[in-house]
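# Build me a model:
(chains A and B)
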Amino acid sequence: MAATRAAPVQAPTQLGKYRGPRTGSRAGWTFLLRRLGFYLVTAWAAITLNFLIPRFMPGDPAVALMKNLQQASGTVPNAAAMQAVRMFYGDPQQNLLQQYLEYWKSLAHFDFGLSVSHYPTPVSDIVLEALPWTVLLAGTTTVIGWLLGTLLGAFLGWKPGGRADSLLTPVTAFFYSLPPFWLALLVVYVFGFTLGWFPISGGYDPDVPFQLNNLWFLLSVLRYGALPAFTLIFIGINGWLFAMRNVMVTTVGEDYVLLARAKGLRPHRVMLRYAARNALLPNVSGLALALGSIFGGVIVAEIVFTYPGLGYVLFQAVSSHDFPLMQTIFLLITLGVLAANLIADSTYVLLDPRTREQR
Amino acid sequence: MRQFLTNGKVRIGLAVFGAFLLIALIGPWLVSSVLGTDPHRIDYDALGAAPGGEHLLGTTTSGQDVLAQLITGCRGSVAVGLLSGVLAVGVAALVGVTGGFIGGRTDQLLTAVTNIFATLPSFPLMLIVAGYMANVGPVAIALLIGLFEWPVCARYLRAQTLSLRGRDFVQALRMVGESRWRMVLVEIMPHLTGILSSLFLRAVVTGVFTEAGLRFLGIGGGDSVTWGTMIAFAQQQEGVVRGMWWWFAPPGLFIALLGTATALVNFGLDEIGNPVLRHSSRAAVRRATAHMAARRDRTNTVEVAS
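Below you'll find the model as predicted:
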């Protein structure tokens, strides 16, 4: 939810430092390798947090879990189930280091345990079913929101203080401050409930056979996804618009933009190829930084629209105290965010030839 | 400072922010003595009533006055926001300023920790921790939010401290042999008050936002009223499907207003810090040229006269 305010791109300080294109590309590789190292460390931190949180929480989650299991299945869990639960939530009798190693071992075997609320379905089955929906929803809306916001921001920043700018910029500040879940409720109320244009819950038409090669099914996915997607894009646009506008304002005053204008190039060419292109970098690196917080919006949107993605499953898991499911989803979201970060970083290297570690 | 207070955006933003603080402070008193009700009282004659008449903003499905809840909820939301803001900015100052000032290995380590925390998706993490702690009170929620919101602030503070560290006056103090802690507390910190207050405002709003989000997801117990619980109850008790907009629309609007106020203050601060943004204001340019033209005319007349 939080906007990552664009950091000004560091200008090359000494011309003498430029060592030609070949070293430049090598510098790009070292940059990427460093980032990769950082993400590996972050992934380790996330996995370790996942291991530590249930063990440092007040009470014994394992006992609570067993109680839930008993309620869900109606039978007293056997020793094997108890053993499995202890592996994830810690046995007070075992030492922490050994538990940690065991934990890594089960992760390496992609063994995430059994869900409590859907006992005895393996967690991985539930998660894999929900994953494509979230990837689809979060991926498309983030990209569309980013593109639209950046373009609009470039347009507003091109004529700072102009009519469009002085009207739209305060309005975006307001839009940007709307709580995502509230906006989602409003969208449900207006478009789903009052106008009745779109279905307000679910990810596809339950009356249509669930087949990917069925055109009607795909159309129903689009129709059901319309409102959550609209909400997320609307939320996404504003932050990028803000950041882009502010950087754009500083680039339009640069000499090379003046030169391009003086050459008599067409205005939109100067705007997009000269000014916007140079203002773009902070928004690209901002995309990487914001990915983690974007998930906050995706989760609430999925919950409001009962969209069958990870966010909704996470919500159900939290409300039914399904700890194994909760943790696996968190792990997956984190790893997804890290992977997307790496992609954003690679794009950054392609866009900015003078990429260096910015300390 | 004077520049800060004459900026129109900053003024409007601070005024709105101050108004909310005031409501948070005297809200419950207002509700009990002026409205003569309390947010939990049930009016059996007006269940789910539309705005108007005895209940200015209508009632909930269970007959509680929405306006009373809105005013009381302001305190709940703002209190969580303030507490989480203090914690977030406090930790951020500790980590960011220390790292930026000391530099070297310590800085590298602190930066790495900051970046790791910034990259982890904080909302799911909060959701999970809150999920483990059944029945979390408002204080625990605020602490939880603050705990995961500091990294962004820490980055800003570190960058700012780095630039301060190289300034001449710090170098001079180092020559004199001033102690490190005195330098940080007495010399560096005052230069950071501007950015600290801006970060604090933003952290408060983020706290209000996140609290509402967590409440909406059913995290937290007790009977405390916040804007988040209002929206959550409206959703759970089918306020949306029954078209009771007066129940869920106002709290969200208030949150958005608070957010806009902060955005305006930060806009103003940006304009003061970055003159390019300020001069981009057409009105300002027009004023300046008019002013210059007037002066030119005046000097011309003076020349002609002499």
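# rest of the way, CA atoms for contacts and neighbours
Noted.
# A:Val116 should be in a helix, yeah?
No. Assessed with DSSP: H, G, I helix; E, B strand; the rest coil, A:Val116 is coil; it does not lie in a helix.
# so what's it closest to, chain neighbours aside?
A:Asp322 (5.3 Å; Cα to Cα, 6 or more residues apart in numbering or on different chains).
# Pull the contacting residues for A:Trp44.
A:Trp44 sits next to no residue when contact means Cα atoms under 8 Å, 6 or more residues apart in numbering or on different chains.
# Can you give me the buried ones in the helix or strand harbouring it?
Assigned by DSSP states H and E, A:Trp44 belongs to helix A:21-56. Of all the residues in helix A:21-56, those buried under the rule 16 or more other Cα atoms under 10 Å in any protein chain shown are A:24-25, A:27-29, A:31-32, A:35-36, A:38-39, A:42-43, A:45-47, A:50-51, A:53-55.
# next one: stretch B:127-145
B:127-133, B:136, B:138, B:140-145.
# Over to stretch B:245-252?
B:Trp245, B:Trp246, B:Trp247, B:Phe248, B:Ala249, B:Pro250, B:Pro251, B:Gly252.
# Model confidence at the residue in the stretch 1-150 of chain A that chain B sits nearest to, what's the number?
Residue of the stretch 1-150 of chain A nearest chain B, by Cα to the nearest Cα: A:Thr42 (5.3 Å). Looking at A:Thr42, its pLDDT stands at 86.
# With B:Ala283 instead?
Confidence score, pLDDT, at B:Ala283: 55.
# just A:Arg5 next, same as before
40.
# and the residue of chain A found nearest chain B, what does it touch?
In chain A, the residue that lies nearest chain B is A:Gly292 (4.1 Å; Cα to the nearest Cα). By Cα under 8 Å, 6+ apart, the contact set of A:Gly292 is A:Thr334, A:Val337, B:Ala118, B:Thr119, B:Leu120, B:Pro121, B:Ser122.
# what helix or strand is the first one on?
So the one you mean is A:Thr334. Per DSSP H and E: helix A:323-351 holds A:Thr334.
# got the buried residues for that helix?
Buried, per 16+ other Cα under 10 Å, within helix A:323-351: A:323-331, A:333-335, A:337-338, A:340-342, A:344-346, A:348-349.
# next one: that helix to chain centre, how far?
8 Å (Cα atoms, centre = their mean, to the nearest Å).
# and it with helix A:21-56, angle?
Angle, helix A:323-351 to helix A:21-56, by axes from the mean of the first three to the mean of the last three Cα atoms, to 10 degrees: 170 degrees.
# how about the helices in the stretch 201-350 of chain A?
A:215-251, A:255-262, A:267-269, A:277-279, A:281-304, A:310-319, A:323-351 (DSSP state H, counting those that start in this stretch).
# actually the stretch 1-150 of chain A, not the one I wrote
Going by DSSP H, counting those that start in this stretch, the stretch 1-150 of chain A shows helices at A:21-56, A:61-73, A:79-89, A:96-108, A:123-158.
# chain center to the last one: distance?
Spelled out, that is helix A:123-158. Using Cα atoms, centre = their mean, the offset of helix A:123-158 from its chain centre is 8 Å.
# Quick one: mean pLDDT for the next helix or strand along the chain from it?
Where DSSP H and E defines the elements, the next helix or strand beyond helix A:123-158 is helix A:163-176. Mean pLDDT, helix A:163-176: 80.
# next SSE after helix A:163-176?
By DSSP H and E, the next helix or strand past helix A:163-176 is helix A:180-187.
# can you tell me if that following helix touches chain B.
Yes. Helix A:180-187 is in contact with chain B by Cα under 8 Å from any Cα of the partner chain, via A:Phe181, A:Trp182, A:Leu185, A:Leu186.
# now, among these, which is nearest to A:Thr121?
For these, the closest approach to A:Thr121 (Cα to Cα) belongs to A:Phe181, at 30.1 Å.
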